[in-house]
Structure formats: C-alpha cells, structure tokens
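A.B. asks: The following comprises the amino acid sequence and a computationally predicted model.
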Amino acid sequence: MNDQRNMILAIVLSMVVLFGWQYFIAGPQLEQAQRQAELAAEQQAAQQAPDSLDIAAPAGEPGAVAPAGTAAPTSDITTFATRDAALAASPRIAIQTPSVSGSINLVGARIDDLHLVNYRETIEPDSPTITLLSPAGSPEPYFLEHGWVAPSGSTVALPNGQTEWALESGETLTANSPVTLVWDNGEGLVFRRTITVDDHYLFTVTQSVTNTGASEVALYPYSRIMRLYTPWTQNFFILHEGPIGVLGAANLVEMSYGDLQGDRQRDYVSTGGWLGFTDKYWATAIIPDQTETVNARFFHSTRNGNLDDYRANFVSQTAVVAPAGGSAEHTSLAFAGAKVEAIIDSYERAYTIDRFELLIDWGWFHFITKPMFIVIRFLHQILGNFGLAILAVTVIIKAIFFPLANKSYASMANMRRVQPQMKEIQEKHKDDRAAQQQAMMELYKTEKINPLSGCWPILIQIPVFFALYKVLFVTIEMRHAPFFGWIQDLAAQDPTTIFNLFGLLPYDPTIVPIIGPFLQVGVWPLIMGVTMWVQMKLNPPPTDPTQQMIFGLMPIIFTFMLATFPAGLVIYWAWNNFLSIVQQWFIMKRHGVEVDLLGNIKNSFKRKPKAAE
C-alpha cells in the first residue's frame, strides 16, 4: 500500500512538473511569438496616434483631454546610429553619484542617460556597466520626463520635448548638489525645474512656474516615462516584466507589453501610488505625493508605422498661478535603478509609498519568499557567500520540519506493520469496494494511522522550493553571486556539461537544434540526480515492473529538467536530498526498520532473471 501511494505521488508530481512546464513556459512562449507576429502585421497598417493622447486627463477633470503640443511628436525624432551619437547631439548636465552616472538632456530637460555603476552586464570585471536610460533617437530610447499640461482650449506656450532649457544653478548633479534648469516662454511665464538625487536611485523633481503676466494661469503638472521600443523579456510565468503600478482601487497593476499593445490605453484614478516599467533586475517608476489624487495612464502607439512606443504617466491636480509675480510649485519622485530589496523598502518607509515593495515580484508565496530572502541575506552577512547561506537555510528548514517528518515516517511504519491485515480486508471484500473502504477506515482508526501523513513532508516542500526558486530568480542580490569553483553566478545555470566532457571536448552541445538547451547537464545537476537516486534506494524497489521503471526514470528526468534551472536551486536540491537521506536513515533506525542501502544499490545493478516461458 505504501509503495503504491508513493508511486501515485511520484506520477502526480512528475505530471505536474511536465505539464506545468508545457503550460507555463513552452505554451506562453509560443503564444507570445504568435501574438508578436500578429501585432507586427497590425502595426504596419495602424496610423500614428496623436502624441498628446498619452497624457492622462488632468486630475479633477475626468473628461478633459490634454491638448496637442504637450510633448515633442515622436514621429519627428531624429534617429542616430549609436547611443553615443544621440548623446552628443544635445547639451547636457552630468550626473555622478556612488550608484549612477550619466547626464540630463537640456533639450526637454529629460533624465535620459543613466548607467548603474555597481552592476555589469556579465561576470567579467571589465564588462560594461548596465545602461538603464537612453535618449530619444538612440537604438533603445527610454527616459524620464516632467512637464505641465494646460486646460483644453488654452493657447499658453509650455515647455515640451524640443524646448532647450538653460542651467540656472549647479554644475553636476550629485547626491550633495542639485541642479536647477530654467526656461522663459516669452509670454510672462518662467518655468524652473530643480532635480536632486540621493546616494542610490531616487530622483526628486520640483517643478515651479512664476507668472509675471496680467492674468492668472491654470496648469497641471505631469510626470512621464517613455520607452520607445519593446525590450526583450524572458516571458516566464514566475516573473513579471513590463508595465506595473499600484494605483488606488486597481491595487497592483501588472500587464505585459503585448497586453498594452492590445489595449492601447489604460486609465486609473489614484490617491498616491506609483507606476512605471519593470525589468527582471531594474525598473523605473514615477511617484506622486502619496496624499495627492492623480490621473494615471499606460499608453501604447506606434512610430513610423511599426516602432513601438510605450508610456506611463500621471497628471496631478490643477495649480492656479496668480498674475503679477504669483508662483506655483509641484514635487514628485522618480525611481530609476536596481531593484535592491533594502533600498526599495527604505523608500517605502521614508516616503510612505503605497506597497512600493511590489516593484520586486515576490510572487504568490510572498509571505514565504520575502522572509526566506531576508534569512538568506542575514546568513550571507555571517558566512560571506550566498551559496553557503542557501545550504545553511536548507539545514534550518530541515530542522523545523523534522518533527513532522518523524511523525510522517512513524505513520508510514505503522502502515507497513498492518499490511497483512490490509491484505486480508482486500481479499475478504474484493467484490465490495464500499465495504472494503469502510473496513480500511476502521483499521486506520483502531491503529491510529493517518494514511495521508506520509505525503505532508513532500507537499510542504513544494511552496518552500518554489519560494527559494523565486528568491534565486528575481532578487538582484543573487545575480552574479559566486559559490565555489566553476559556479560564479548562482542565478545562472551550471555552465558545464557532460556532453563535452565538462569542457575537455572543444564544442558547445547547446547549439544543437531543438534539444541543445537540454544538453547543458553540468556537474551539479548530475550530483542532484545521483542524490535523488540514492534517496530512492533507502527502500527496497517495488515489485511491480511498471513502478520500477517509473522510479528509475524519475532521477533522470529531474536531472535534465533541473539542469536548465539556476545553479543555486540545483545546489539546494542536491543538498536537500543528502540531508533527506541522513534524516530518513536516522528516523528509520529510530523506528526499528532495517536499512540496507548498499544492498539495495547493489541489487539495482544485478541482471534481472529472464521470465520463464
């Protein structure tokens, strides 16, 4: 009975993994490819959307529409062959802090040149730093912009993406020295923009306008992120990449780039909150004052017939500027940088930003994933290595669940003890399933046995395993984190493969069409597979040939499957298997069960006698 239950559980888990892979990974990738092909055809025929439509209606006027001319038409953007050429085409103010470097474009007063100096593209020490923001006209335009919107029908001249601002104060934007830009519209309005930045990734933008004219002026401040290309995404169900925000009654808003292409526009009304775009490790977000009611919008259009244009913005409530020297001011925040948990949480606390922690995709098991990350980070501070921290947290998890595992195996031992009675019941009521089940339940009740208790250790490990997978997959702290030897990035798969003898043969088996990705079976996946196989040998093999085949194939299937997973996760699984072997050996001995591990392993290699004809 116990072997049959284990067989069923093994089959179910294998089917869950295999069908889950097809449903959540292979299927969505195919659908995404088909969707992109369809959109490409649609966009060829689509007409250019008016540039002003990306701006949300002014807050407090839900029916209002932003007038044309609030931003430079993207169809008129001059394109450049390289990013450097685009940067050289306009005057700039340098940005230099311990975390970022780049520049502010005086044309449009945009923050459109940003490098994350503490992160590199690869693990090589001379690899280029991560480029987050780039100017319009470059191959991948992505930038922050702020400005003002006038009520419908107004003819007041406002600064836009083509406006060239003058530097009023400051020379270089640093964590200790802000810069102030100024522009006079020649009609009695003087606009100023003061930009500050902290030691990490938070910009504070204060916009002000002074009215020297003879009549009052009503204006609405806005903040906007423009991403004028479709970035590559992993398109993996475990990770959200694309437009994101926390916006009032809508709560957490997440959509893919394909979703926004299909919808074209999504509008929200929110008090406080934030919105922007997230990548796996980096993000941009614009953040109003958390007591302020804003109208927010995600928007998509096409440029020149086939180039994608994604935008996220919010418009704040009206600012009435009195004549003869009156002024108005508005301050908002903008995040542009790495999604470091401690930094993001500090911003949430300091500025009371509504659920800003959700900029990191902690997933469905948030209540497990984030605490597990915090424990791993704490252990890393003690041990100095994230790999060792993962091994240590595995020991802690095993210790926490040891009483449950002990109780589970005790129930399994009792199940073995009453197997003779169970067989008698099965023979006695072989033609009456209802009577058989009732007699079984009476036996369980008499012997105080829970037939499902043996499944709990496995079932509990599933969310823990998934949470650890999330930690390894989404947290930037794991990116490029080394272990020992050849594992120099716990968030990447084991770089070795048995199919070129771990580098001894001069070819890359992963380039083989179709099956190539599954041929990178490295050292740690093999160790994991061996430990899984040894763990199964703690018990004698089932007598049924079909069960034997299934149990024999499971370590092989999991070896190939986990070979594509992050190395840190494979190391965890191998170490967890080893601890499970030790734990199960101890528990079995404690309950007086004979353990013949070596004998079971030797029997696996013995030639099976041929069945008599």
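C.D. replies: Nice, I can see it.
A.B. asks: For the chain, which residues score under the pLDDT cut-off?
C.D. replies: Residues of the chain meeting the criterion pLDDT under 70: 1-54, 56-76, 305, 412-416, 450-458, 539-544, 547, 593, 596, 604-613.
A.B. asks: Quick one: list the elements packing against the lengthiest helix in it.
C.D. replies: If you go by DSSP state H, the chain has its longest helix at helix 386-417. Applying 3 or more CB pairs under 8 Å, 6 or more residues apart in numbering; DSSP states H and E, one finds that helix 386-417 makes contact with helix 2-21, helix 366-383, helix 456-474, helix 567-590. (Glycine included, C-beta is placed from N, CA and C.)
A.B. asks: Could I get the contacting residues of the closest residue to Y257 other than its chain neighbours?
C.D. replies: In space, and not counting its chain neighbours, Y257 is closest to G242: 5.0 Å by CB to CB, 6 or more residues apart in numbering. Applying CB atoms under 8 Å, 6 or more residues apart in numbering to G242 gives the contacts T233, E254, M255, S256, Y257, D259, L260, F277, T278.
A.B. asks: Of those residues, just the buried ones, ChimeraX syntax please.
C.D. replies: Per 16 or more other CB atoms under 10 Å, the buried members of these correspond to this ChimeraX selection:
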select :233,255,256,257,260,277,278
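A.B. asks: so how far does stretch 130-142 reach from one end to the other?
C.D. replies: 14 Å (CA to CA, to the nearest Å).
A.B. asks: and the spatially most central residue of the chain, helix, strand or coil?
C.D. replies: Using CA atoms, centre = their mean, the residue of the chain that lies closest to the mean C-alpha position is L239, 3.7 Å off. Following DSSP: H, G, I helix; E, B strand; the rest coil, we place L239 in the coil state.
A.B. asks: okay, now P420: neighbour count?
C.D. replies: Neighbours of P420 under the rule other CB atoms under 10 Å: 9.
A.B. asks: how much space between it and Q426?
C.D. replies: Using CB to CB, to the nearest Å, P420 is found at 11 Å from Q426.
A.B. asks: ok so, going back, could you redo the contacts of G242 as CSV and give each row distance to N385 and secondary structure?
C.D. replies: Shown next, in CSV, are the contacts of G242 (distance: CB to CB, whole Å; DSSP: H, G, I helix; E, B strand; the rest coil):
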residue, distance to N385, secondary structure
T233, 30, coil
E254, 33, strand
M255, 38, coil
S256, 36, coil
Y257, 37, helix
D259, 40, helix
L260, 41, helix
F277, 33, strand
T278, 28, strand
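A.B. asks: closest to A89 among the contacts of G242?
C.D. replies: Nearest to A89 among those: F277, at 24.5 Å, using CB to CB.
A.B. asks: and the helix or strand where S346 lies, what does it pack onto?
C.D. replies: Using DSSP states H and E, S346 maps to helix 341-351. Judged by 3+ CB pairs under 8 Å, 6+ apart, helix 341-351 is in contact with strand 326-338, helix 366-383.
A.B. asks: For the first one, list every residue counted as buried.
C.D. replies: When burial is assessed from 16+ other CB under 10 Å, strand 326-338 yields the following buried residues: A328, H330, T331, S332, L333, A334, F335, A336, G337, A338.
A.B. asks: and the residue nearest to G325 when sequence neighbours are not counted, how many neighbours?
C.D. replies: Counting by CB to CB, 6+ apart, T212 is the residue found nearest to G325 once chain neighbours are left out, at 6.3 Å. Per other CB under 10 Å, the neighbour tally for T212 reads 14.
A.B. asks: re the thing from before, widest-spaced pair of the buried residues of strand 326-338?
C.D. replies: A328 and A338 (34.3 Å).
A.B. asks: Distance from the chain centre to stretch 578-592, please.
C.D. replies: Average the C-alpha atoms of stretch 578-592, do the same for its chain, and the two points are 37 Å apart (CA atoms, centre = their mean, to the nearest Å).
A.B. asks: What residues sit buried inside it?
C.D. replies: Counting neighbours by 16+ other CB under 10 Å, one finds that the buried residues in stretch 578-592 are F578, L579, S580, I581, Q583, Q584, I587, M588.
A.B. asks: same check, this time on stretch 465-485
C.D. replies: For stretch 465-485, the neighbour count (16+ other CB under 10 Å) marks 466-481, 483 as buried.
A.B. asks: That's all I had, so thanks and see you.
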